[in-house]
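Asker: return atomic coordinates for the entry below.
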Amino acid sequence: MGLSLSFIATKGSDPLSALGLSADGKTLRAEPIPPPAGFIRFDLGDWRFVMSDDHRFASRERVCAAAQGGVAVGLYLEEHVMISGAFGAEAGELAWSVQHDPNHGMEHLDVWGEPPAALEDIRDGLLAELRKLDDADYIFSVPTELVASVCGLDVDNFSDQVDLTVLSVTRKDMMKMAEHVASGAPGPSGAAPSGRTGARPGLLARLFGRR
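Answerer: I've put the predicted structure just below:
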């Protein structure tokens, strides 16, 4: 254990300028997981990925920025402390988020908005494993599997080599990193999460996520 990463994947737009990044021309063919230091870009099907070795990169704000011209999903995970989360946005607005922090309990799952329909089966399956075996933090994998159901990249089961493009930071002012907070909670500034501020949680949020 010890993997730490995050990525933002977009469909219908190129996220680089919105994320303060640019391609520096250096390419290599390698496995993207674990990611090298810094930022890399690669494509899988119709999705374009930007991956970082910093789990704080895939924030709500960056996922929304990347979705200005289409749709975007983001995933972060940090195995040292077993936190994980996923975000989805469309046309610049946050549509959903799913986050796990074992400090709030092994079954903790904070759900906001209208996440993909696959969430219910993924959560129920992993929750059953947790209650049956009680030997690992199975709920940690819910965001990973959920994002994989959308964009096709499962970081726990991906060993293919792809063409990676090394990225450079062009806007250092856009690279501020902040620790993730629960999706239903105010951010560090006291403001509600960006995108759909004040929106009523969806059915899955009301049933499963809001504690």
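Asker: which elements pack onto the helix or strand Cys64 falls within?
Answerer: According to DSSP states H and E, Cys64 maps onto helix 60-66. The contact analysis (3 or more Cβ pairs under 8 Å, 6 or more residues apart in numbering; DSSP states H and E) places helix 60-66 against strand 4-11, helix 16-19, strand 71-78, strand 83-90, strand 93-100. Yep, even glycine has a C-beta here, placed from its N, CA and C like the rest.
Asker: contacts only, for the residue positioned nearest the centre of the chain.
Answerer: Central residue of the chain (Cα atoms, centre = their mean): Leu75, 1.5 Å from the mean position. Shown in contact with Leu75 (Cβ atoms under 8 Å, 6 or more residues apart in numbering): 6-7, 58, 84-86, 143-144, 147, 155.
Asker: redo the helices and strands packed on helix 60-66 as TSV? Include distance to Leu126 and mean pLDDT.
Answerer: Below are the helices and strands packed on helix 60-66 laid out as TSV (distance: least, Cβ to Cβ, whole Å; pLDDT from 0 to 100):
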stretch	distance to Leu126	mean pLDDT
strand 4-11	20	96
helix 16-19	30	94
strand 71-78	14	97
strand 83-90	12	97
strand 93-100	10	96
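Asker: any idea which of those gets closest to Gly45?
Answerer: Nearest of the helices and strands packed on helix 60-66 to Gly45, taken as Cβ to Cβ: strand 4-11 at 8.9 Å.
Asker: hmm, who's touching that closest one?
Answerer: With Cβ under 8 Å, 6+ apart as the criterion, strand 4-11 contacts 15, 19, 33-35, 46-58, 62-63, 66-67, 70-80, 147, 151, 153, 155.
Asker: one step back: run through who's touching the helix holding Cys64.
Answerer: Against helix 60-66 from outside (Cβ under 8 Å, 6+ apart): 8, 10, 13, 15, 18-19, 50, 72-74, 87-89, 92-94, 97, 183, 193-195.
Asker: show me where pLDDT drops low in the chain?
Answerer: 1, 182-211 (pLDDT under 70).
Asker: name the helices or strands packed onto the longest helix that the chain contains?
Answerer: Secondary structure of the chain per DSSP state H: the longest helix is helix 118-133. Helices and strands touching helix 118-133, by 3+ Cβ pairs under 8 Å, 6+ apart, are helix 142-151.
Asker: contact partners of the helix it packs on?
Answerer: Contacts for helix 142-151 (Cβ under 8 Å, 6+ apart): 9, 11, 44, 47, 49, 73-77, 84-86, 88, 98-100, 109, 115-116, 118-119, 122-123, 126, 153-156.
Asker: what's the PyMOL line that selects buried ones from the contacts of helix 60-66?
Answerer: Provided next is the PyMOL selection string for whichever of the contacts of helix 60-66 are buried by 16 or more other Cβ atoms under 10 Å:
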select buried, resi 8+10+13+15+18+19+50+72+73+74+87+88+89+92+94+97+183+193+194+195
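Asker: returning to what we had before: which of the contacts of strand 4-11 are buried?
Answerer: Buried members of the contacts of strand 4-11, counted by 16+ other Cβ under 10 Å: 15, 19, 33, 35, 47-58, 62-63, 66-67, 70-78, 147, 151, 153, 155.
Asker: look at Met177 and say how many residues are nearby.
Answerer: Here the count is done by other Cβ atoms under 10 Å, and Met177 has 11 residues near it.
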